[in-house]
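Engineer: below are the sequence and a predicted model; questions follow.
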Amino acid sequence: MGNELIKNLDEKMNKTVEALKRDLATLKAGRANPSMLDRISVEYYGTPTPLNQMANISAPEPRVLLIQPWDKNTMKDIEKAILMSDLGINPSNDGIVIRLMVPELTEETRKALVKTVKKMGEDSKIIIRNLRRDSNDKVKKMKKDIPEDEAKTLEEKIQKETDKFIKEIDNIIDKKEKDLMSL
């Protein structure tokens with residue numbers, strides 16, 4: 001019963017960290033990265049479709065993204081979706097591919113991105129702490145059915161898991177912050 005609780009907690013905390021990593025990958029960081037376009041959906045025959053399901057996206061150069069749509073008729077729709085997104089990049093279309101030139105980051109933009117990254121990290125830590133609280137509440141309910149020392153051990157394991165994931169989030173955020181400031 002207790003091991004199941006810890007395993008479940010570990011799984012949920014892991015998913016939180018993975019979601020943070022995915023979200024950080026979509027940030028525009030001065031370097032072309034195909035995952036920057038993961039959040040963009042294009043209206044395709046009346047259905048919002050993720051861009052990465054409609055085209056081949058590559059980064060042939062450090063600051064260039066190349067989008068090759070499988071259906072050439074969607075070029076205008078893809079351009080429109082990129083323009084309407086929060087990327088702030090103007091696409092250039094040559095009839096075959098769409099090029100996105102990722103601008104270099106200004107010092108001001110870097111600092112704003114670092115703030116965003118820190119907030120994303122803090123939000124993830126809040127989720128981790130909420131998961132800890134929920135697990136501790138379950139242990140409190142179980143105290144009637146299990147010995148006191150077993151409940152204490154479970155609470156210690158829950159705290160160890162929490163500390164481990166908080167430390168991992170801090171490391172991810174620090175690394176991203178260094179990346180942003182060293183571009």
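Structural biologist: That came through fine.
Engineer: would you map the strands across this protein?
Structural biologist: Counting by DSSP state E, one finds strands in the chain at the ranges 41-44, 47-50, 55-61, 64-69, 91-93, 98-101.
Engineer: among these, which is nearest residue 179?
Structural biologist: Of all these, the one in closest proximity to residue 179, counting by Cβ to Cβ, is strand 55-61 (15.6 Å). C-beta coordinates here come from the backbone N, C-alpha and C atoms, glycine included.
Engineer: what is the mean pLDDT for that closest one?
Structural biologist: Model confidence over strand 55-61 averages 86 on the pLDDT scale.
Engineer: list the buried residues of it.
Structural biologist: 55, 57, 59 (16 or more other Cβ atoms under 10 Å).
Engineer: what angle separates it from strand 64-69?
Structural biologist: Relative orientation of strand 55-61 with respect to strand 64-69: 160 degrees, computed using axes from the mean of the first three to the mean of the last three Cα atoms, to 10 degrees.
Engineer: ok, and what's touching strand 55-61?
Structural biologist: By Cβ atoms under 8 Å, 6 or more residues apart in numbering, the residues outside strand 55-61 that reach it are 32-34, 37, 51, 65-70, 74, 78.
Engineer: one more time with 10 Å, if that's ok
Structural biologist: Contacts with strand 55-61, where a contact means Cβ atoms under 10 Å, 6 or more residues apart in numbering, come from 31-38, 40, 42, 51, 64-71, 74-75, 78, 97-102.
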